[in-house]
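[1] take a look and give me a structure for this.
(one chain, ligands or ions: 1)
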Amino acid sequence: MSDPKDFTHFGLDPLLLAAIAEMGYATPTPIQAKAIPAVLKGKDVMGAAQTGTGKTAGFGLPMLQRLLSHANTSMSPARHPVRGLILTPTRELAEQVADNLKKYASKTALRVTCVYGGVDMDPQTEALRKGCEIVIATPGRLLDHIQQRNTSLSQVQIVVLDEADRMLDMGFIPDIERIGKLVPFTRQTLFFTATMPTD
Ligand code: AMP
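    Sure, this is the predicted structure:
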């Protein structure tokens, strides 16, 4: 019998459960207990959560689960379109989220990469051009890569806005609106914020 106090009852793939066990997670945090089943069902989710609450696994694990059927080891970039997009306000958060997602996905063939401004574009370009199912990005740099045709968002199934309130404060709304027009209308949207701005 699976215990509702551990991770086994969500129906996550054994490859994800093994990664979680390796990270030492035993009990889901409250936001994980709420978000994981809702995201797995394909629902749009809006969550009020600060860093430190376990929100990254709250959206990351069910996102990986939903994309797992697309995991493959082909060398062809065409077999690895971006399917999950996570937007963050800062380089630091992008790196932190990517570190976690890479660990959760470590036993799967899903590829995770991270792009943000203020650094050389070339290594990011190379990673994007090889193909990558999950991209964590700051909005401006992502648009630069799209403009240079280094990646496309036409196959995106899940979009996460992480620390959406900070993105609002930092003036990223026009960029996010532009990105919103480049992803399919049918995508699932997950929205996480520490505070709930009226905008
Ligand atoms: P986050 O709020 O997503 O930045 O996560 C904060 C920290 O808690 C990170 O170091 C995670 O690795 C860790 N963490 C997330 N979920 C759990 C869990 N269920 N059990 C133990 N640690 C966790």
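
[2] which parts of the chain are helices?
    For the chain, the helices defined by DSSP state H cover 14-23, 30-40, 55-67, 91-104, 122-130, 139-147, 164-169, 173-180.

[3] thought Arg178 was touching Asp144?
    No. Using CB atoms under 8 Å, Arg178 makes no contact with Asp144, being 11.6 Å away. In this view, the C-beta of every residue, glycine as well, is placed from N, C-alpha and C.

[4] which parts of the protein sit against the ligand?
    Within the chain, the positions near the ligand by CB under 6 Å from any ligand atom are Tyr25, Thr27, Pro28, Thr29, Gln32, Thr51, Gly52, Thr53, Gly54, Lys55, Thr56, Ala57.

[5] if we can go back for a sec, go through the helices of the chain and pick out the most buried.
    Neighbour counts (mean count of other CB atoms under 10 Å) averaged over each of the helices of the chain peak at helix 55-67, with a mean of 25.

[6] now the angle from that one to helix 14-23?
    Counting by axes from the mean of the first three to the mean of the last three CA atoms, to 10 degrees, helix 55-67 points 160 degrees away from the direction of helix 14-23.

[7] and the average pLDDT for helix 55-67 is what?
    Across helix 55-67, pLDDT averages out at 97.

[8] same check, this time on stretch 131-139
    98.

[9] now that stretch, how far from the centre of its chain.
    8 Å (CA atoms, centre = their mean, to the nearest Å).

[10] report pLDDT for the closest residue to Glu163 other than its chain neighbours.
    In space, Glu163 comes closest to Pro89 once its chain neighbours are excluded; the distance is 5.2 Å by CB to CB, 6 or more residues apart in numbering. The per-residue pLDDT reported for Pro89 equals 97.

[11] thinking again about what came up before, would JSON lines of the helices of the chain with distance to Pro77 be doable?
    Below are the helices of the chain laid out as JSON lines (distance: least, CB to CB, whole Å):
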{"stretch": "helix 14-23", "distance to Pro77": "23"}
{"stretch": "helix 30-40", "distance to Pro77": "27"}
{"stretch": "helix 55-67", "distance to Pro77": "17"}
{"stretch": "helix 91-104", "distance to Pro77": "19"}
{"stretch": "helix 122-130", "distance to Pro77": "6"}
{"stretch": "helix 139-147", "distance to Pro77": "14"}
{"stretch": "helix 164-169", "distance to Pro77": "29"}
{"stretch": "helix 173-180", "distance to Pro77": "21"}
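
[12] confidence-wise, which of the ones you listed is weakest overall?
    helix 164-169 (a mean of 93).

[13] what sits up against it?
    If you take CB atoms under 8 Å, 6 or more residues apart in numbering as the criterion, helix 164-169 is touched by 87-90, 139, 161, 173, 176, 191-197, 199.
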